[in-house]
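S.K.: turn this into a model:
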Amino acid sequence: MESLEQIRDRLLARFPGATITLVPNPGPAAEHTISLDNAHAFEIARFLRDDPALQLDYCSNVTGIDWPEKEIVETKKVSVADPAGGPAKVVEEKTKRIEPGRLEAVYHLYSMALRHGPVIIRLRTGNRSDQVTVPSLTPVWRSCDFQEREIFDLFGIVFEGHPNLRRLLMWGDFKDHPMRKDYVEPDDYEWEPTPHAEVLERAQAHYPSVTPGVSAPAQVEAKP
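M.R.: Residues are numbered from 1 along each chain as shown. Just a heads-up that it's a prediction; the model follows:
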């Protein structure tokens, strides 16, 4: 199979107006990825599937990532002249910048026909609030269907063009996205009939009263 750099270069030649970025993975697995802009992602996905040299006909896994806003401190060494006329000194200069938050959907692609892969591509939202739409790749790879729904449910990414985009794990009226890094769990789960451990400890404040030796849920059930 072609290297990821070669695939990126072919994509740039085929889609000259697209933004296609190689994202290195510094970890031991070294599973580098290709980031695609949303405007061209659907057409690029079809190309990856249909290109004779690639034939990436199977998407094995789709997952979501939450990247909250964070402060980045960058350090660089600069040369500073000595006011007394001595030799210049090298000092460290630190600058701070804010990296905006975003959400990502990551797709692992394989070729069943040619027995190679993975090629990993990622789609990125504009932010984590009101620009959370990316194109659905379910029309290209049918196996993305439930996985995109799960990401929509747990992370809040809206997959434009998905044939049936609705919650998969949480109920329809649920308002939040439990896999967001800033998600706050409720103290008392309405669907938890016998809260225990940490859930019970947090739930105590929501019960009218507590009698020693009797569990709070049992007291509530015993009230007329």
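S.K.: tell me the SS of the most centrally placed residue in the chain?
M.R.: Centroid-nearest residue in the chain, with Cα atoms, centre = their mean: residue 65, separated by 1.6 Å. Following DSSP: H, G, I helix; E, B strand; the rest coil, the label given to residue 65 is strand.
S.K.: partners of it in the sheet?
M.R.: residue 104 (DSSP bridges).
S.K.: OK, contacts around it?
M.R.: For residue 65, the contacting residues are 103, 104, 105, 106, 155, by Cβ atoms under 8 Å, 6 or more residues apart in numbering. (C-beta placed from N, C-alpha, C; glycine too.)
S.K.: please tell me how far the second one sits from residue 123.
M.R.: Distance of residue 104 to residue 123, given as Cβ to Cβ, to the nearest Å: 7 Å.
S.K.: have a look at these two and say which one is more surrounded.
M.R.: Neighbour tally, residue 104 and residue 123, criterion other Cβ atoms under 10 Å: the higher count belongs to residue 123, 24 against 20.
S.K.: tell me which strands the host helix or strand of that one pairs with, and in which orientation.
M.R.: Assigned by DSSP states H and E, residue 123 falls within strand 116-124. Next to strand 116-124 in the sheet, as set by DSSP bridges, lie strand 33-36 (parallel), strand 102-111 (antiparallel).
S.K.: list the contacts of that strand.
M.R.: For strand 116-124, contacts defined as Cβ under 8 Å, 6+ apart pick out 1, 4, 7, 23, 31-36, 38, 41, 44-45, 48, 54, 56, 58, 60, 102-111, 134-135.
S.K.: list the strands paired with whichever helix or strand comes after it, with their directions.
M.R.: Next in sequence after strand 116-124, counting helices and strands by DSSP H and E, comes strand 133-135. Paired neighbours of strand 133-135 in the sheet (DSSP bridges): strand 158-160 (parallel).
S.K.: do a quick rundown of the helices in the chain.
M.R.: Shown for the chain, the helices assigned by DSSP state H span residues 4-14, 38-50, 145-155, 197-203, 216-222.
S.K.: quick revisit: include pLDDT and distance to residue 143 when you put the contacts of residue 65 into a markdown table, please.
M.R.: Formatted as a markdown table, the contacts of residue 65 follow (pLDDT from 0 to 100; distance: Cβ to Cβ, whole Å):
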| residue | pLDDT | distance to residue 143 |
| --- | --- | --- |
| 103 | 98 | 21 |
| 104 | 98 | 19 |
| 105 | 98 | 14 |
| 106 | 98 | 14 |
| 155 | 98 | 18 |
